[in-house]
Structure formats: C-alpha cells, structure tokens
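> here's a sequence, model it:
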Amino acid sequence: MREAVQAGPAVPQAASRLERVMGTRVPDWYDGGKLAALGDIVVVTANYRVGPLGYLYLPEIGAANLGPQDQAAVLRWVRDNVASFGGDPRNVTVGGQSAAAYSALSLALDPQTTGLVTAENAEAYLRLLDAPAGADTAKALRALSVEQLLSAYGRLAGLLARPGNAAPPMYPVLGGPGLPCAWQRALADGALEDKALLIGTTRDEATAFFAFDPRMQRLTSVGALDILTGQMGEQAHEVYQRHAARLPQATPAQIFTAVQTGELFRNGSLQIADHHAVGGNATYLYQFDYQPAEDEHALGATHCVELPFLLNTFDAYPHSPMLGTPTDVERALGRTFATAVAEFVTTGSVYGWPPSAPTTTTRIRYVG
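Numbers count the residues shown, from 1 in each chain. Got it, this is the predicted structure:
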C-alpha cells in the first residue's frame, strides 16, 4: 500500500489568517479517510510550525526555517513508522495545497529530504515584543507566552500590509534549512528528475484574496498598474495589457486579480510542469474549473475550491460562497477527481489522462 503525505493544508479564505498565524488545523476540512479508502493508500496529515513559531529568522539563536524542518521530520517519521499502518516507506508521495504546495515542491527538491524573509521583519517583530537583539534574544523570547508571540505577529502583519499583497510577514528563507536554493535552480540541476509529478491550479485562484476587499474592488486601471509596478517592475504594463485584451469586459479589479492568479499561482506551475515534461518525466498538469451556480461574489473557480472535491468533505463547508450547495453532480465530480489523484499516488500515472506535453492540446487537463 502506498502512502500520501500531505505537507500541510491551506484553509478557506475565511480562516486563512488563522492558519498562517496560529498554526491551527481543522480536521473536518482535511480528513483524509475517504481518500485513503478510495485509493487503498495511507494518508498522513501533519501539523508544523508557521508564523513566528515556524518562520522567525534569527539564525543566531537557531531560529531558521523551523517549519520546513518540522516537515522534514514528518518524512523521517513516515519512513520509520508507516509500515506499522500498512504503508510502504519506499513509496511515498508528498502533496500539498496553497502554501503547502510550495512545501511539497521544496521537500521533493531538497537533497536532505529527497520567498525571502528579510532581517528587517525579524527586527521589527522583536521591537513589537520589546525583546532585545543579541545574546539575550533567545532567553527573552522563551519567557513570553505563545499568545504574546502571536499577538505581536498579528500587529506586524498589520504594519506590513499593503494593497494587493497576500503574502504573510514571515515565510521560509531561501538558502536556509529545507530551502537550499531557488526552485528554478533546483529544477535546472535535475533535482526533480525521475519523480512523477501531478501539479495544478484552480482557474481563478486570486479571487479568494481580493473579492471581499472593497479597496481592491474599487481599483482603477491607474491604481492597479501602480500596485503591479511596485511588485513586478516595468513589465507590469505589458502583463496588465495582455490580460486586459484577453478579458475585454473585465473591470480593473478583475484584470488585476487575473494577473495575480498568473503571477502567484499559474505561471510557476506551468513552468515546472513544462520543464519536467520536456525532460521525459511523467507529468500531469490540471486546471480545476468548478464554480458555484450562484456566484454572488464572482469568485469563479477560486483558491481552495478543489479541496472538498478531493477529500469528499463537502459537508464541512456549509454555506461556503466558493462551493454553493453541492449536488450529486458535484459529488460525482469529486469522486472522479479524487480517483485520479489516488491513482497517481498508487501508480505514478493517471488512467485516462494523457501526460502533459508542452505546446499541445494535451498540455492541461481541465477538471470541472
């Protein structure tokens, strides 16, 4: 029996801040039991440290990428213990969604287990805690309660918040434990070679981050370009105009959101899949297109919408605007999608899905 390790979940929009700041996991959303039964696999879901407990960058006191180190510890635990649960430690699939998809990729690329956080953010965090920098930092931090640490992190998030920026204040440091180099470099060096890959996005990922923000919905084209230029430089104009031409009826807010979907989610996934497929590796690339029949907030196929379909946890999302009221049609789509993922975990391929081939009609499998 094969096991699938979920490198950690992301949560629906209403609770995404809770997950990033407090490290809370809600079992009903991520219950892997039905997926395990469907594919005759062992599903391992693990907690790991996030926010200041996982990503505070103070290497002088040993605080550097503790979250990724937790994830690596999970894989070591699976290697040593999963046979007791009927799993095969020689046959492990690591998967994740949202931020955890980056974690899964890093675990696959890091030779130890096979984003950049600035020092300024760490210093600002220490100032909010009134904690000294230097030799006494570790002692001062350990004297504080978890509630104090998280409260200061929340204040830091408020101070650093910028329109159009969905990134948390702290995340893994490039070059630190668990993230030895950029994924582009690791791919070029062949770190993912000979590993089967299933990767995908939803069609409208970024709506979850901006659809409920009145400031973003009131954007003008000038305002949208100002934000994008700050994020992307001068290429922002060309990228914005390309999306505007593709979406002639869209508002500036919708064009901005489409750009963010591409820049934050889709483009990197396509680059990874194409590179892997060109190298002759088994590669399956999908786009999840389901959107609710009644879409009051124009979410489309938004961030996280594929999760209840994969795990058959529809009942854990009552009255969710991203899901609507699931019918037998949605549940059947979920079984089809989950079966495909379970087949990949079990065999490294997906029956009925042609492998991704760049520049061809079989490059992307559209789901929903």
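
> what helix or strand is Leu179 located in?
Per DSSP states H and E: Leu179 is located in neither a helix nor a strand.

> so for it, what's the pLDDT?
In this prediction, Leu179 carries a pLDDT score of 80.

> and the gap between it and Asp110?
7 Å (Cβ to Cβ, to the nearest Å). (Each C-beta comes from the backbone N, C-alpha and C, glycine too.)

> how about Thr360?
31 Å.

> looking at the two, which has the bigger crowd around it?
With neighbours defined as other Cβ atoms under 10 Å, Thr360 and Asp110 compare such that Asp110 has more, 19 against 10.

> quick one, strands of the protein?
2-6, 41-45, 92-95, 197-202, 283-288, 365-367 (DSSP state E).

> just send those strands back as CSV, with distance to Ala161, mean pLDDT and mean neighbour count too.
Shown next, in CSV, are the strands of the chain (distance: least, Cβ to Cβ, whole Å; pLDDT from 0 to 100; neighbours: other Cβ atoms under 10 Å):
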stretch, distance to Ala161, mean pLDDT, mean neighbour count
strand 2-6, 29, 50, 22
strand 41-45, 30, 89, 21
strand 92-95, 30, 87, 21
strand 197-202, 24, 95, 23
strand 283-288, 29, 96, 23
strand 365-367, 34, 94, 16
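
> nearest to Trp77, of these?
strand 41-45 (8.3 Å; Cβ to Cβ).

> which helices and strands does the closest one pack with?
Judged by 3 or more Cβ pairs under 8 Å, 6 or more residues apart in numbering; DSSP states H and E, strand 41-45 is in contact with strand 2-6, helix 33-39, helix 328-347.

> so which of these comes closest to Leu192?
Per Cβ to Cβ, nearest to Leu192 of the helices and strands packed on strand 41-45: helix 328-347, 15.3 Å.

> what is the mean pLDDT for the closest one?
Mean predicted lDDT for helix 328-347 stands at 95.

> any idea how far the most centrally placed residue in the chain lies from Gln249?
The chain has Ser98 as the residue nearest its centroid, 1.6 Å off, counting by Cα atoms, centre = their mean. Distance, Ser98 to Gln249, by Cβ to Cβ: 29 Å.

> which phi and psi does Ala182 have?
For Ala182, the backbone dihedrals (degrees, to the nearest 10) come out as phi -60, psi 150.

> if I look at it, how far off is Ala161?
From Ala182 to Ala161 the distance is 26 Å (Cβ to Cβ).

> who's more crowded, the two?
Comparing Ala182 with Ala161 by other Cβ under 10 Å, the one with more neighbours is Ala182, at 14 against 11.

> look at the residue nearest to the more buried one when sequence neighbours are not counted and say how many residues are nearby.
Spatial nearest neighbour of Ala182, excluding adjacent residues (Cβ to Cβ, 6 or more residues apart in numbering): Leu174 at 6.2 Å. By other Cβ under 10 Å, 15 other residues sit near Leu174.

> so Leu174 touches Arg185, yeah?
No: counting by Cβ atoms under 8 Å, Leu174 stays clear of Arg185, with 9.9 Å between them.

> state the number of residues packed around Cys181.
Cys181, neighbours per other Cβ under 10 Å, totals 15.

> quick one: contacts for it?
Leu174, Gly175 (Cβ atoms under 8 Å, 6 or more residues apart in numbering).

> again, 10 Å this time
Leu109, Asp110, Pro111, Leu174, Gly175, Ala188, Asp189, Ala191 (Cβ atoms under 10 Å, 6 or more residues apart in numbering).

> which of the residues you listed lies closest to Ala138?
Gly175 (21.4 Å).

> roughly how far apart are the residue nearest to His275 when sequence neighbours are not counted and Gly200?
Spatially, and ignoring its direct neighbours in sequence, His275 is nearest to Leu187 (5.4 Å; Cβ to Cβ, 6+ apart). Applying Cβ to Cβ, the value for Leu187 to Gly200 is 17 Å.

> just the helices from the stretch 101-250 of the chain, written as ranges.
Ranges of helices within the stretch 101-250 of the chain are 119-129, 137-142, 146-160, 183-188, 207-210, 214-217, 221-232, 235-246, based on DSSP state H, counting those that start in this stretch.

> of these, which is nearest Phe256?
Nearest of the helices of the stretch 101-250 of the chain (Cβ to Cβ): helix 221-232, 4.1 Å.

> and the angle for that closest one with helix 235-246?
Angle between the axes of helix 221-232 and helix 235-246 is 130 degrees (criterion: axes from the mean of the first three to the mean of the last three Cα atoms, to 10 degrees).

> in helix 221-232, what counts as buried?
Gly223, Ala224, Leu225, Ile227, Leu228 (16 or more other Cβ atoms under 10 Å).

> could you do stretch 307-319 as well?
Buried residues in stretch 307-319 (16+ other Cβ under 10 Å): Leu307, Pro308, Phe309, Leu310, Leu311, Asn312, Thr313, Phe314, Ala316, Tyr317.

> CSV for those, including pLDDT?
Below are the buried residues of stretch 307-319 laid out as CSV (pLDDT from 0 to 100):
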residue, pLDDT
Leu307, 94
Pro308, 94
Phe309, 96
Leu310, 95
Leu311, 93
Asn312, 94
Thr313, 93
Phe314, 94
Ala316, 90
Tyr317, 90
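
> export the residues you listed to CSV and tack on distance to Ala253?
Below are the buried residues of stretch 307-319 laid out as CSV (distance: Cβ to Cβ, whole Å):
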residue, distance to Ala253
Leu307, 25
Pro308, 27
Phe309, 27
Leu310, 29
Leu311, 31
Asn312, 34
Thr313, 31
Phe314, 29
Ala316, 30
Tyr317, 25
